[in-house]
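Colleague: Dropping a prediction and its sequence here:
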Amino acid sequence: MVKSVTSSAKDLRTVNVSFFQELLTTVAEQGRALLPKSLFGPNERDDVQELARALISGRGEASGVAIARALLDRYRVLAPEERTAFFRYLSETMQPDAGDVAAASRAYLAEPGNEALGKLRSAVEGKRQELFRRLNLAPGATAQIVAMRNDLLNEQPRPDLNLTGVDADLRHLFQSWFNRGFLVLRRIDWQTPASILEKIIAYEAVHEISGWDDLRRRLDPVDRRCFAFFHPSLIDDPLIFVEVALTTEVPAAIAPLLKGDRKLQPGEAPTTAVFYSISNCQPGLRGISFGNFLLKQVVEDLAREIPSLKTFVTLSPVPHFARWLDRLIASDPAGVISPEDRETLTALLDPRWHRATDTNEDLQEAVLAQAAQYFLAAKSADNRPGDPVARFHLGNGARLERINWLADTSEKGLRAAHGVMVNYRYDLKEIERNHEAYANDGTVAASRAVKALLRAPPKTKAITADAPAKPLLALSDDRPVSRGKDPR
């Protein structure tokens with residue numbers, strides 16, 4: 001069960017974790033004295049593979065802790081090409097033995113039973129998962145193994161490496177190690193230790209936090225909240241966090257939520273909780289889902305804390321919309337875009353189009369119509385929306401409530417989505433029904449207002465959401481956004 005904790009409980013947990021880490025350190029030092037000195041040569045870059053073989057060889061617990069610690073210490077100082085060689089070793093040498101799997105399979109089919117099933121499971125699992133389990137014996141090992149997977153993911157695109165088996169083993173273990181029952185929900189406020197606040201600034205991935213003053217504006221006022229999930233093994237390093245604005249209406253733009261001189265109305269009870277930024281903090285945990293647990297837990301906590309809250313929505317980016325629309329404008333064999341809209345959309349070629357004092361209503365209608373097409377009809381190969389943020393919220397049971405015109409006129413917002421942002425609504429009465437419809441049939445729950453934006457019945461086979469990109473506009477390429485302050 002995911003749980004909120006009091007400050008005293010957090011202090012006790014911190015003491016327990018620190019004591020356990022100190023105990024492991026002591027065990028590691030004692031165990032090291034029992035091992036052959038050949039395992040701890042003068043060159044720390046040597047013999048990381050030998051340490052892996054020694055760790056899996058079935059030594060005692062004390063020596064196992066010592067070897068695990070030594071292996072992680074040596075891994076940290078490996079050069080990139082040496083890490084690649086280590087991953088290749090894990091992939092090629094520590095994969096399940098085909099002969100053992102075949103023999104265990106025949107034995108189970110001949111005489112099914114718990115003993116035969118256990119041997120089959122052990123054969124299929126192989127040595128690699130057991131290596132990672134034993135590696136986790138070392139003090140502070142969990143964080144280092146998560147970082148190791150991040151290194152592994154960075155290697156994945158290489159055509160000469162096949163590391164999918166190694167990654168699958170780590171992902172399988174992480175799904176157990178980071179099970180929701182271990183996650184602890186904590187509110188982040190201005191009294192949170194500075195070491196954690198620094199990480200919040202660094203990890204913010206949606207709307208850059210420009211410094212301590214900006215951070216305080218997001219945490220300290222009475223109309224702001226921030227919540228994060230932590231794990232007992234990464235006690236001062238959040239896994240994921242969400243920033244919340246408490247308002248009296250569903251917002252249609254991000255700038256008013258982020259501005260520093262916003263006016264608070266004294267005594268005005270908020271009716272709407274707006275989740276305007278959700279950031280994953282650990283790239284090594286990519287593919288391990290926390291966000292759905294986080295949002296549902298925060299909704300429940302806020303509803304208990306502030307009874308006046310009736311509406312729970314997001315103000316979300318649409319990171320792939322501009323790229324999708326550019327492709328469609330460049331090649332539209334199915335005729336999704338009318339000739340009139342195509343001509344209207346050429347206004348987007350001017351990088352200053354959004355600054356026009358006379359807002360082009362035809363352009364607004366054309367862009368919003370294509371945005372509705374993008375969400376309701378464009379599909380990836382798995383028959384789900386191609387937009388990753390949409391997949392996340394719709395998969396959680398949210399409803400696509402509203403598509404907002406010129407909601408984010410920052411460089412990043414224009415480049416990624418031509419300024420479009422959307423509201424997803426979390427209606428506690430509809431979440432489970434929406435989730436089931438999406439999971440079973442790929443149904444996108446959408447409001448009447450969104451459906452009304454469509455020019456005509458959606459053409460689902462017109463263009464897939466994950467087709468190769470052909471950028472049309474200079475603002476729509478995939479260049480990284482600078483970490484400087486976004487112009488607004």
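Modeller: In hand now; what should we look at?
Colleague: For stretch 285-296, list the C-alpha coordinates in CSV.
Modeller: Output in CSV follows, covering the C-alpha atoms of stretch 285-296 (Å, rounded to 0.1, in the frame of the first residue of the first chain):
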residue,chain,number,x,y,z
LEU,A,285,14.1,3.4,-14.2
ARG,A,286,12.6,4.1,-17.7
GLY,A,287,9.7,1.8,-18.3
ILE,A,288,8.9,1.3,-14.6
SER,A,289,5.7,3.1,-14.1
PHE,A,290,5.1,5.3,-11.0
GLY,A,291,3.1,8.2,-12.4
ASN,A,292,-0.3,6.4,-12.3
PHE,A,293,0.1,5.6,-8.6
LEU,A,294,1.4,9.1,-7.9
LEU,A,295,-1.5,11.0,-9.4
LYS,A,296,-4.2,8.8,-7.9
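Colleague: and F174, how many neighbours does it have?
Modeller: Neighbour count for F174, taken as other CB atoms under 10 Å: 21. Yep, even glycine has a C-beta here, placed from its N, CA and C like the rest.
Colleague: residue ranges of the strands in the stretch 201-350 of the chain, please?
Modeller: 224-230, 240-247, 272-280, 311-314 (DSSP state E, counting those that start in this stretch).
Colleague: Tell me which helix or strand D169 sits in.
Modeller: Using DSSP states H and E, D169 sits within helix 164-177.
Colleague: and that helix, which residues are buried?
Modeller: With burial defined by 16 or more other CB atoms under 10 Å, the residues of helix 164-177 counted as buried are 165-167, 169-170, 173-174, 177.
Colleague: Make TSV out of those and add pLDDT and distance to G284.
Modeller: Converted to TSV, the buried residues of helix 164-177 look like this (pLDDT from 0 to 100; distance: CB to CB, whole Å):
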residue	pLDDT	distance to G284
G165	91	17
V166	94	13
D167	94	11
D169	94	14
L170	95	8
L173	94	12
F174	95	8
W177	94	12
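Colleague: Adding distance to L325 as columns, could you present those residues in CSV?
Modeller: Output for these, formatted as CSV (distance: CB to CB, whole Å):
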residue, distance to L325
G165, 38
V166, 38
D167, 33
D169, 40
L170, 37
L173, 40
F174, 36
W177, 41
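Colleague: From the residues you listed, pick the one nearest D47.
Modeller: Closest approach to D47 among the buried residues of helix 164-177 (CB to CB): V166, at 19.8 Å.
Colleague: Show me where the stretch 1-150 of the chain has its helices.
Modeller: For the stretch 1-150 of the chain, helices defined by DSSP state H, counting those that start in this stretch occupy the ranges 7-32, 48-55, 61-76, 80-93, 98-110, 114-135, 141-155.
Colleague: Can you name every helix or strand that the fourth one contacts?
Modeller: Just to be clear, that refers to helix 80-93. helix 48-55, helix 141-155, helix 164-177 (3 or more CB pairs under 8 Å, 6 or more residues apart in numbering; DSSP states H and E).
Colleague: now the longest one and helix 61-76, what's the angle there?
Modeller: Same thing as helix 141-155. 40 degrees (axes from the mean of the first three to the mean of the last three CA atoms, to 10 degrees).
Colleague: Helix 141-155: which residues count as buried?
Modeller: 141-149, 151-153, 155.
Colleague: Over to the shortest one?
Modeller: Of the residues in helix 48-55, those scored as buried under the neighbour-count criterion (16+ other CB under 10 Å) are 48, 51-52, 54-55.
Colleague: Strands of the stretch 351-488 of the chain, residue ranges please.
Modeller: 399-404, 421-425.
Colleague: so how far is the longest one off the chain centroid?
Modeller: When C-alpha coordinates are averaged (CA atoms, centre = their mean, to the nearest Å), strand 399-404 and its chain have centres 22 Å apart.
Colleague: And the helices in the stretch 301-450 of the chain, which stretches?
Modeller: According to DSSP H, counting those that start in this stretch, the helices that the stretch 301-450 of the chain contains are 321-330, 339-345, 361-376, 388-396, 411-417, 431-441, 448-451.
Colleague: Looking at the nearest residue to G211 once chain neighbours are set aside now. What's its pLDDT?
Modeller: Distances taken as CB to CB, 6 or more residues apart in numbering place I201 nearest to G211, at 7.5 Å, with adjacent residues excluded. Looking at I201, its pLDDT reads 97.
Colleague: one step back: which of the helices of the stretch 301-450 of the chain sits closest to T84?
Modeller: helix 388-396 (28.3 Å).
Colleague: Against which helices or strands is the closest one packed?
Modeller: Counting by 3+ CB pairs under 8 Å, 6+ apart, helix 388-396 packs on helix 291-305, strand 421-425, helix 431-441.
Colleague: That helix: how far from the chain's middle?
Modeller: The answer for helix 388-396 is 11 Å, by CA atoms, centre = their mean.
Colleague: Any stretches of this structure with poor pLDDT?
Modeller: 1-46, 59-61, 264-266, 357-359, 456-488 (pLDDT under 70).
Colleague: show me what contacts the spatially most central residue of it?
Modeller: Central residue of the chain (CA atoms, centre = their mean): N280, 4.3 Å from the mean position. Neighbouring residues of N280 by CB atoms under 8 Å, 6 or more residues apart in numbering: 203, 205, 239-240, 286, 290-291.
Colleague: Now with 7 Å, please.
Modeller: Neighbouring residues of N280 by CB atoms under 7 Å, 6 or more residues apart in numbering: I240.
Colleague: So it versus F290, what's the distance?
Modeller: Going from N280 to F290 by CB to CB, to the nearest Å gives 8 Å.
Colleague: if I look at the two, which residues touch both of them?
Modeller: Counting by CB under 7 Å, 6+ apart, the residues touching both N280 and F290 are I240.
Colleague: on that earlier part again, in a markdown table: the strands of the stretch 351-488 of the chain, plus mean neighbour count and distance to D382.
Modeller: A markdown table is the format used below for the strands of the stretch 351-488 of the chain (neighbours: other CB atoms under 10 Å; distance: least, CB to CB, whole Å):
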| stretch | mean neighbour count | distance to D382 |
| --- | --- | --- |
| strand 399-404 | 22 | 18 |
| strand 421-425 | 24 | 20 |
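Colleague: can the ones you listed go into a markdown table with extra columns for distance to R384?
Modeller: Below are the strands of the stretch 351-488 of the chain laid out as a markdown table (distance: least, CB to CB, whole Å):
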| stretch | distance to R384 |
| --- | --- |
| strand 399-404 | 13 |
| strand 421-425 | 15 |
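Colleague: out of these, which comes closest to A449?
Modeller: Of all the strands of the stretch 351-488 of the chain, strand 399-404 comes closest under CB to CB, at 6.1 Å.
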